[in-house]
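Colleague: For reference, the sequence and a predicted model appear below.
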Amino acid sequence: MTTASEPHPLPALRRDFLLGAALLAVAGVFVRALLFTPIEARQGAAQKILYVHATSAIVGLYLAFGLMAIASLLYLWLKDAKLDRVAESSAEVGLCYTTVVLATGPLWGKTIWGAWWTWDARLTSTLFLWFIIVAYLLLRGAVEEPGRRARYSAVLGILASLLVPFIHLSVYLFRTLHPMPIVLKPSAPSMPPEMQLTFFSALLAFILLFAALLRARYRMATLRDLAADREQEHG
Amino acid sequence: MTPDNGGFATAAYIITAVVYLSYALSIKLRERRIRERLARLDASARPPSSRPAGA
Amino acid sequence: MKEPHISNAPGTLAASWIIARKDLAIEFRTRTAFLSALVFALLGVTIFYFAWDATAVAAADLAPGVLWVIFTFAGLLGLQRSFGSELADRAIDGLLGAPISRESIYLGKALANLVFVSGILAVTIPAVVLFYNLPLGPGIGALAGIAALAAVGLVAVGTLFSAMAVNTRMAELLLPMLSLPFFVPIVMGAAQSSARLMAGRPIAEAWPWLRILVAFDIVFVTACTLAFPFTLDE
């Protein structure tokens, strides 16, 4: 039985230094990208959207979603609630990143393709990943018992990671057999050094932000589960 | 001829900033609400007569 | 995780068949779900016809898309009832207590769903041929084969998710939301390959899409069978 004099298992965080540092890093990258990186001649200033769009995609699709899938698999094997919280947190933070990708993608697409949306393989896969993560979070909301909630989410997480390659392949096939006009090829492989530096700084900043958001979200989940346990004890 | 589409870039960066900041804020707000709930639970669980002196 | 082998307990396939027969017997006693899904499918097929400008797009070109979209929604209707019957009085505990593997419960239910969905397709495909003036040729036989592949994929994923959704507060909304993203490769594969085959194109053109369908079926039947025991509370 806990008493009020026992400290909470987590320090009372009033200042999250990691998150603050990460946000500063991202702000710094914004300044560098918008003000100190040269404008690409063919695409214009809109090409700079790449620095937030592509980097958010890498972190959101591969890092966040991959972590969620791995944590789900490990949860089914080890049954540790911490893994479930990691999966849940990674999914939600990943949703945030995916939202950024889907919001910035059409803005960039309009300038290079002339159309807001062209059903290209990557953007479409991202869209479906977005739907699946929303479904994942709604599923979690609909199941009350924690053990069942964790198991169901883990199953969905693993199946979702199996689905994404299929969607990507299907849409790729769809596009190669239905050639669509592409005005300019988006990511030019040969970027001058200043642009490469901006890109990699952005990538690092967003990875740092991911770590900070993940940690904050994980802590919130831990506290939430603790509160739920306490409520159960008191009836 | 470099197209003049800086507006798109500005819009994209603003949206990006708004999304990430709002999300970070939402985590912190939710955490604060949970901490308040925990504090209330602890306060109601603590039987008033057995409070140790000076605690 | 394997139950100890009891000598007179049915093996996995036999147990699946028993469970499938039980489900189908219950279903055909009332037939309500089947008839409702069937009427839904037929109505949908006819409504879609009026959603397009018939002079701009030939009905025969429209048909594959309509067929497979209706197929997914009618399939969802059928899947909704899949685990519903066990919810009352915790009848599933009876199944769980029996000396059969957990996988056979899944396979049995999936098999019952497959029969259900195939029944709907058996009426809906001729209806589409009729209403959309599809030419009767070798493409129709291919259509049946594609329908079988698509039905297997739909039922594999849908049965698993209906097992999960039935235990939640918003089962009717959750099942479509969980399943529809997974139906996308099925619908694409089925629609694209059937469109080509019915237009008389060589099979080589449809082959990449058929491969996706087959691969999907193999991957997801396996994955869902393995995942099903985790959806049970024990």
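Modeller: Structure's in. What do you need?

Colleague: Tell me which residues touch the residue in chain C that chain B sits nearest to, please.
Modeller: Distance from chain B to each residue of chain C (Cβ to the nearest Cβ) is smallest for C:Arg169, at 21.3 Å. Bear in mind the C-beta positions are built from the backbone N, C-alpha and C, glycine included. C:Arg169 is in contact with A:Ala142, counting by Cβ atoms under 8 Å, 6 or more residues apart in numbering or on different chains.

Colleague: now the one 10 residues further on
Modeller: If you count contacts by Cβ under 8 Å, 6+ apart, C:Ser179 has them with C:Leu76, C:Leu79, C:Val157, C:Gly158, C:Phe161.

Colleague: Who are the contact partners of the second one?
Modeller: With contact set as Cβ under 8 Å, 6+ apart, C:Leu79 has these partners: C:Asn113, C:Val155, C:Gly158, C:Thr159, C:Phe161, C:Ser162, C:Leu175, C:Ser179.

Colleague: can you tell me the helix or strand for B:Phe8?
Modeller: Assigned by DSSP states H and E, B:Phe8 belongs to helix B:6-45.

Colleague: before we move on, back to that, got phi/psi on the residue of chain C closest to chain B?
Modeller: Main-chain dihedrals, C:Arg169, degrees, to the nearest 10: phi -80, psi -30.

Colleague: isn't B:Ile34 right next to A:Thr222, touching?
Modeller: No: contact between B:Ile34 and A:Thr222 fails when scored by Cβ atoms under 8 Å: they sit 9.5 Å apart.

Colleague: most surrounded residue in the contacts of C:Ser179?
Modeller: Counting neighbours by other Cβ atoms under 10 Å in any protein chain shown, C:Leu79 comes out on top of these with 30 neighbours.

Colleague: Any stretches of the chain with poor pLDDT?
Modeller: No chain in the question, so chain A it is. Along chain A, segments meeting pLDDT under 70 span A:1-14, A:177-189, A:235.

Colleague: hmm, I had chain C in mind actually
Modeller: Chain C contains residues with pLDDT under 70 at C:1-10, C:82-93, C:234.

Colleague: tally of neighbours for C:Ala56?
Modeller: Other residues within reach of C:Ala56 by the criterion other Cβ under 10 Å amount to 6.

Colleague: what do you get for the one 5 residues further on?
Modeller: C:Asp61 is flanked by 13 other residues according to other Cβ under 10 Å.

Colleague: host element of it?
Modeller: Using DSSP H and E, the element containing C:Asp61 is helix C:59-80.

Colleague: biggest helix in the chain, by residue count?
Modeller: No chain was given, so I picked chain A. Criterion DSSP state H: the longest helix present in chain A is helix A:193-234.

Colleague: try again with chain C
Modeller: Identified as the longest helix of chain C according to DSSP H is helix C:102-131.

Colleague: what's that one packed up against?
Modeller: helix C:12-30, helix C:32-50, helix C:59-80, helix C:92-97, helix C:138-165, helix C:203-227 (3 or more Cβ pairs under 8 Å, 6 or more residues apart in numbering or on different chains; DSSP states H and E).

Colleague: Tell me how many other residues crowd the residue nearest to A:Ala57 when sequence neighbours are not counted.
Modeller: Distance criterion Cβ to Cβ, 6 or more residues apart in numbering or on different chains; nearest residue to A:Ala57, sequence neighbours excluded, is A:Val101 at 4.6 Å. Applying other Cβ under 10 Å, we find 25 residues neighbouring A:Val101.

Colleague: from memory A:Val101 sits against A:His53, does it?
Modeller: Yes: using Cβ under 8 Å, A:Val101 and A:His53 qualify as a contacting pair, with a distance of 6.1 Å.

Colleague: ok, and what's touching the host helix or strand of A:Gly20?
Modeller: Element membership for A:Gly20, per DSSP H and E: helix A:17-35. Around helix A:17-35, the neighbours that count as contacts under Cβ under 8 Å, 6+ apart are A:48, A:51-52, A:198, A:201-202, A:204-206, A:208-209, A:211-213, A:215-216, B:9-10, B:13, B:17, B:20-21, B:24.

Colleague: Regarding the closest residue to A:Ala142 other than its chain neighbours, what is its secondary structure?
Modeller: Spatially, and ignoring its direct neighbours in sequence, A:Ala142 is nearest to C:Thr168 (3.9 Å; Cβ to Cβ, 6+ apart). C:Thr168 falls in the coil class when you classify it by DSSP: H, G, I helix; E, B strand; the rest coil.

Colleague: So what's the residue count around C:Thr168?
Modeller: Residues lying near C:Thr168 (other Cβ under 10 Å) number 20.

Colleague: Excluding covalently adjacent residues, which one is nearest to the residue in chain B that chain C sits nearest to?
Modeller: Going by Cβ to the nearest Cβ, chain C is nearest to B:Arg30 of chain B, at 21.3 Å. Leaving aside its sequence neighbours, B:Arg30 sits nearest to A:Met220 (Cβ to Cβ, 6+ apart; 5.6 Å).

Colleague: Now do the same contact list for that neighbour.
Modeller: B:Ile27, B:Arg30, B:Glu31, B:Ile34.

Colleague: where does chain C come near chain A, residue by residue?
Modeller: Residues of chain C lying close to chain A by Cβ under 8 Å from any Cβ of the partner chain are C:157, C:160, C:164, C:167-170, C:174, C:177-178, C:180-182, C:184-185, C:188-189, C:192, C:208-209, C:212, C:215-216, C:219-220, C:223-224, C:227, C:230-231, C:233.

Colleague: Helices along chain A, start to end?
Modeller: For chain A, the helices defined by DSSP H occupy A:17-35, A:49-57, A:65-78, A:81-113, A:121-142, A:146-177, A:193-234.

Colleague: what residues does chain A put near chain C?
Modeller: By Cβ under 8 Å from any Cβ, the residues of chain A that approach chain C are A:76, A:128, A:131-132, A:134-135, A:138-139, A:142-143, A:147-148, A:151-152, A:154-156, A:158-160, A:162-163, A:166-167, A:169-171, A:173-174, A:177.

Colleague: hmm, try it at 7 Å
Modeller: Counting by Cβ under 7 Å from any Cβ of the partner chain, chain A comes close to chain C at A:76, A:128, A:131-132, A:135, A:138-139, A:142-143, A:148, A:151-152, A:155-156, A:158-159, A:162-163, A:166-167, A:169-170, A:173-174.
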